[in-house]
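Engineer: Need coordinates for the following:
(one chain, ligands or ions: 3)
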Amino acid sequence: MAAATKKTAGAKKKKGKAKETAGKEGIGDKAVEAAGRLLKHDPDSGVDGWKKGEPVPYLFLANVFENISETTKRLEIAEMLTNAFRTVIVSNPDDLLAAVYLASNTIAPQHEGIDLGIGDATLVKILAEATGRKESAIRADYKEQGDLGIVASMSRSTQKTMFAPPKLTMSGVLKEFRAIATTEGTKSVDAKKAKIKKLLVAARECEAGYIVRSLQGKLRIGLAQQTVNQALIHAVVLQSDAAAKAAKEGGNGAVADLLGRGADVLKQVFSECPSYDEIVPALLMEGGVDKLHSRCHFRPGVPVKPMLAKPTCGVSEVLQRFSDVEFTCEYKYDGERAQIHLLEDGTVKIFSRNQEDNTPKFPDVIRALPSYLKAGVKSVVIDGEAVAYDREQHKILPFQILSTRGRKNIDEADIKVNVCIYAFDCLYLNGETLLQKSLTERREAMYSAFKEVPDEFYFCTAKISRDVEELQVFLEDSIADNTEGLIVKTMDATYEPSKRSLNWLKLKKDYLEGCGDSLDLVPIGAFHGRGKRTGVYGAYLLACYDEESEELQSICKIGTGFSDEQLVELTEGLRPTVIEAPRSYFKYDANAMKCDVWFDPSQVWEVKAADLSISPVHQAGHGLVDPVKGIALRFPRFLRKRDDKNVEQATNSEQVADFYNAQATKQEFAGGDDDY
Ligand SMILES: Nc1ncnc2c1ncn2[C@@H]1O[C@H](COP(=O)(O)OP(=O)(O)OP(=O)(O)O)[C@@H](O)[C@H]1O
Ligand SMILES: [Mg+2]
Ligand SMILES: [Mg+2]
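Structural biologist: Ligands and ions are numbered 1, 2, ... in the order given. Predicted structure coming up:
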């Protein structure tokens with residue numbers, strides 16, 4: 001049954017993609033139909049149980065979530081959320097920000113590092129207190145349901161309160177969430193618990209379930225950030241005068257066009273300035289969408305989502321893809337992405353691949369940065385890689401060494417592992433954003449703003465050539481110089497934030513063997529070790545992430561590639577995350593994969609496999625390549641733990657399908673190319 005539903009979802013997705021491309025020449029029929037439906041909807045009709053101008057009740061949003069959870073259809077979900085946001089706009093626009101945060105299940109911009117994510121054990125305890133039920137009963141229900149949100153909404157409060165607590169409002173709930181996440185100090189645990197309990201006691205109807213899921217850190221109703229953003233912009237556009245005018249003059253088609261353009265603007269703006277705090281109020285101002293980019297754009301202090309690269313299989317594929325464009329090859333350093341910002345006031349900040357604020361991790365780089373600058377640089381942002389470095393031998397050290405550096409509150413005096421920064425891009429210089437400039441120009445800016453400092457700061461090694469042999473030699477040089485291979489970039493491309501772009505191709509040394517990139521996967525379960533591995537987990541069940549359904553889909557069992565120390569370390573790290581039963585969003589074959597323990601997903605592991613195959617057991621990308629079966633990795637080998645990726649940034653099922661297809665294509669042409 002589940003497989004059948006998924007199959008349709010997969011097929012639909014493919015079609016949707018085709019439309020998107022077709023839509024370049026004109027708006028697709030689906031979008032026009034959707035615009036028609038949205039126009040017919042009266043957002044005032046949603047104002048039910050409160051008055052316009054009053055704070056919007058949390059129950060309004062919880063009910064919307066409830067309706068959304070009953071469908072898996074993207075389009076329906078997006079429309080429901082759009083209409084909900086429209087109701088908020090007509091009712092109390094000041095609450096739109098809270099609605100957007102609550103729907104995207106975040107409470108602050110990523111780089112501020114304020115997350116919920118309250119542990120299950122704590123939540124079970126508070127739930128027991130708030131409902132008057134026994135902890136053991138709640139735990140038993142949890143085991144059966146696999147979702148604490150469901151348990152929360154099932155557990156009716158039996159607690160007697162003298163007065164009915166006031167109704168929860170959206171803005172009130174968000175405020176409490178923020179307070180819970182930021183409470184610090186000696187009494188903070190109790191204070192947090194008291195706040196959570198208060199929320200749960202005040203919860204009506206289905207509210208408790210969504211409060212609990214938000215506190216856990218995941219709503220799990222199929223609301224990807226992309227959907228929330230689309231709904232946000234569609235709601236704002238539909239409530240604007242421009243939409244009314246377009247509808248009158250050009251009908252549904254004109255409105256669909258306006259919605260599409262709005263979505264493009266928001267996509268660009270959100271990747272340059274990923275902060276609802278800035279975007280939502282700006283959208284509600286005069287000239288909302290049209291002026292959005294001028295009001296919210298990239299600036300030092302707020303990380304831009306980094307541009308990503310696509311894997312390729314060899315020098316000849318690169319030459320083929322870039323047959324008529326100018327390109328450059330750069331060493332691919334194996335460290336940690338570092339987006340370094342210098343603000344006008346002299347503040348220096350370093351952000352990770354994930355837009356996390358990594359500043360506390362690199363006090364040495366922060367202090368030394370001014371010495372890498374040329375005169376006259378007031379503000380600048382560079383993109384680069386921080387690599388572990390041996391200053392005596394003057395050489396790059398492996399990634400593993402870098403990962404032994406502490407993460408937080410590092411005292412410069414205690415630093416044992418030095419880093420060297422290899423800069424490869426410049427995104428901002430002296431008040432001007434360079435994102436829309438070509439790589440040629442951005443590089444010029446980088447060279448004009450910085451100078452190399454031996455053993456501390458270098459520009460990445462690069463070469464421009466079209467000669468197969470010369471490139472092959474350069475690739476071998478890169479390996480000899482302790483890097484992972486090359487990243488090949490087109491010279492005239494702009495910086496494409498958050499895109500896995502074909503303008504950047506990665507060419508790693510491991511591709512030359514097996515061909516195919518490593519995957520970043522999530523351990524969701526484990527098997528007790530035997531013999532030499534007694535006392536630690538001896539094998540794990542890994543999963544990839546499906547963005548569409550928010551599932552973690554099993555992809556392989558893994559027991560190879562671990563050193564004895566790693567086995568101990570991973571076991572120790574994962575033991576505290578053991579949960580009583582697999583989560584409802586784990587997709588695996590319960591008959592074939594009887595794990596001894598299950599984990600609350602928290603880690604991401606980089607894994608290399610010999611190849612991929614269609615599997616009768618594993619679920620990765622099911623419906624994407626084979627109508628019902630999933631994809632599995634063959635002979636997977638553990639490479640390393642990835643602290644710079646979170647669970648949602650694990651390799652997604654579409655990428656798995658891409659890898660599978662690329663491998664199939666390569667096998668078809670096997671023998672025709674001696675380049676690998
Ligand atoms: N010259 C360079 N140009 C761009 N990126 C570089 C360069 N040198 C090193 N890198 C690093 O390589 C990364 C891209 O390749 P890698 O395979 O390591 O990606 P990843 O972090 O595993 O992400 P994914 O596999 O999801 O693409 C960049 O994010 C960056 O950190
Ligand atoms: Mg890397
Ligand atoms: Mg990778």
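Engineer: And the longest helix along the chain, what does it pack against?
Structural biologist: Longest helix of the chain, by residue count under DSSP state H: helix 241-272. Under the contact definition 3 or more CB pairs under 8 Å, 6 or more residues apart in numbering; DSSP states H and E, helix 241-272 sits against helix 29-40, helix 225-238, helix 276-284, helix 288-295. Every C-beta, even on glycine, is put in place using the N, C-alpha and C of the backbone.
Engineer: Can you mark which positions in the next helix or strand after the first one are buried?
Structural biologist: Spelled out, that is helix 29-40. Next helix or strand after helix 29-40 toward the C-terminus (DSSP states H and E): helix 58-69. For helix 58-69, the neighbour count (16 or more other CB atoms under 10 Å) marks 58-66, 68-69 as buried.
Engineer: do stretch 437-451 as well
Structural biologist: So for stretch 437-451, counting by 16+ other CB under 10 Å, buried means 437-439, 442-443, 445-446, 449-450.
Engineer: now stretch 564-576
Structural biologist: Residues 567, 570-571, 574 are the ones in stretch 564-576 that count as buried (16+ other CB under 10 Å).
Engineer: Which of those fall in helices?
Structural biologist: Using DSSP H, 567, 570-571, 574 are the members of these that sit in helices.
Engineer: okay if I get the residues you listed as a markdown table plus distance to ligand 1 and pLDDT?
Structural biologist: Below are these laid out as a markdown table (distance: CB to the nearest ligand atom, whole Å; pLDDT from 0 to 100):
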| residue | distance to ligand 1 | pLDDT |
| --- | --- | --- |
| Leu567 | 23 | 96 |
| Leu570 | 19 | 97 |
| Thr571 | 24 | 97 |
| Leu574 | 21 | 96 |
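Engineer: taking the mean pLDDT, what do you get for the host helix or strand of Lys125?
Structural biologist: Taking DSSP H and E as the definition, one finds Lys125 inside helix 120-131. Averaged across helix 120-131, the pLDDT comes to 89.
Engineer: and it, what does it pack onto?
Structural biologist: Looks like helix 120-131 contacts helix 135-145, helix 148-154, helix 188-202, helix 207-216 (3+ CB pairs under 8 Å, 6+ apart).
Engineer: right, and those helices - which one's nearest ligand 1?
Structural biologist: Across those, ligand 1 has its closest neighbour in helix 207-216 (25.3 Å, CB to the nearest ligand atom).
Engineer: which outside residues touch the closest one?
Structural biologist: 58-59, 61-62, 65, 102, 105, 116-118, 120, 123, 127, 147-153, 155, 168, 173, 177, 180, 196, 199-200, 203, 219-220 (CB atoms under 8 Å, 6 or more residues apart in numbering).
Engineer: mind listing what's buried in it?
Structural biologist: In helix 207-216, counting by 16+ other CB under 10 Å, buried: 207-216.
Engineer: ok so, going back, turn the helices and strands packed on helix 120-131 into JSON lines, columns for distance to ligand 1 and mean pLDDT.
Structural biologist: Below are these laid out as JSON lines (distance: least, CB to the nearest ligand atom, whole Å; pLDDT from 0 to 100):
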{"stretch": "helix 135-145", "distance to ligand 1": "33", "mean pLDDT": "90"}
{"stretch": "helix 148-154", "distance to ligand 1": "30", "mean pLDDT": "87"}
{"stretch": "helix 188-202", "distance to ligand 1": "34", "mean pLDDT": "89"}
{"stretch": "helix 207-216", "distance to ligand 1": "25", "mean pLDDT": "92"}
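Engineer: In helices, which of the buried residues of stretch 437-451 fall?
Structural biologist: Among those, the ones falling in helices (DSSP H) are 439, 442-443, 445-446, 449.
Engineer: how about those, which pair is most distant?
Structural biologist: The distance between the two most remote of those (CB to CB) is 15.4 Å, for Leu439 and Ala449.
Engineer: any low-confidence regions in the protein?
Structural biologist: 1-27, 156-163, 222, 510-516, 665-676 (pLDDT under 70).
Engineer: how about the residues of it near ligand 1?
Structural biologist: Taking CB under 6 Å from any ligand atom as the contact definition, the chain meets ligand 1 at 306, 308-309, 330, 332-333, 337, 353, 385, 424, 460, 487, 506, 517.
Engineer: Can you list phi and psi of the nearest residue to Val568 once chain neighbours are set aside for me?
Structural biologist: The spatial neighbour of Val568 that comes closest, neighbours along the chain excluded (CB to CB, 6 or more residues apart in numbering), is Val536 at 5.7 Å. Note on Val536: backbone dihedrals following degrees, to the nearest 10 are phi -120, psi 170.
Engineer: Check which helix or strand Val387 maps to.
Structural biologist: Here Val387 sits within strand 380-390, counting by DSSP H and E.
Engineer: after that strand, next one along is what?
Structural biologist: As assigned by DSSP H and E, the chain's next helix or strand after strand 380-390 is strand 395-396.
Engineer: Return the list of strands paired to that next one, each annotated with direction.
Structural biologist: Neighbouring strands of strand 395-396 in its sheet, by DSSP bridges, are strand 380-390 (antiparallel).
Engineer: Reformat the helices and strands packed on helix 241-272 as JSON lines; add distance to Val325 and mean neighbour count.
Structural biologist: Output for the helices and strands packed on helix 241-272, formatted as JSON lines (distance: least, CB to CB, whole Å; neighbours: other CB atoms under 10 Å):
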{"stretch": "helix 29-40", "distance to Val325": "32", "mean neighbour count": "17"}
{"stretch": "helix 225-238", "distance to Val325": "29", "mean neighbour count": "23"}
{"stretch": "helix 276-284", "distance to Val325": "34", "mean neighbour count": "20"}
{"stretch": "helix 288-295", "distance to Val325": "27", "mean neighbour count": "16"}
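Engineer: Out of those helices, which is closest to Ala191?
Structural biologist: helix 276-284 (24.5 Å).
Engineer: you'd agree Gly113 is up against Asn354?
Structural biologist: No. Counting by CB atoms under 8 Å, Gly113 stays clear of Asn354, with 10.3 Å between them.
Engineer: Could you check which of the two is surrounded by more residues?
Structural biologist: Asn354 (19 against 12; other CB atoms under 10 Å).
Engineer: Tell me which residues touch the more buried one, please.
Structural biologist: Contacts of Asn354 (CB under 8 Å, 6+ apart): 110, 644-646, 649.
Engineer: Now do the same for it: helix, strand or coil?
Structural biologist: Following DSSP: H, G, I helix; E, B strand; the rest coil, we place Asn354 in the coil state.
Engineer: ok, now Thr71?
Structural biologist: Quick answer, by three-state DSSP: Thr71 is coil.
Engineer: okay, now it: neighbour count?
Structural biologist: Neighbour count of Thr71, defined by other CB under 10 Å: 13.
Engineer: same check, this time on the one 3 residues further on
Structural biologist: When counting by other CB under 10 Å, one arrives at 18 neighbours for Arg74.
Engineer: Over to Gln436?
Structural biologist: Residues lying near Gln436 (other CB under 10 Å) number 11.
Engineer: ditto for Ala108
Structural biologist: Neighbour tally, Ala108, other CB under 10 Å: 18.
Engineer: Could you do Cys206 as well?
Structural biologist: Counted with other CB under 10 Å, Cys206 comes out at 17.
Engineer: For it, give its distance to Val64.
Structural biologist: As judged by CB to CB, to the nearest Å, Cys206 and Val64 stand 10 Å apart.
Engineer: next one: Gly149
Structural biologist: Taken as CB to CB, the span from Gly149 to Val64 is 15 Å.
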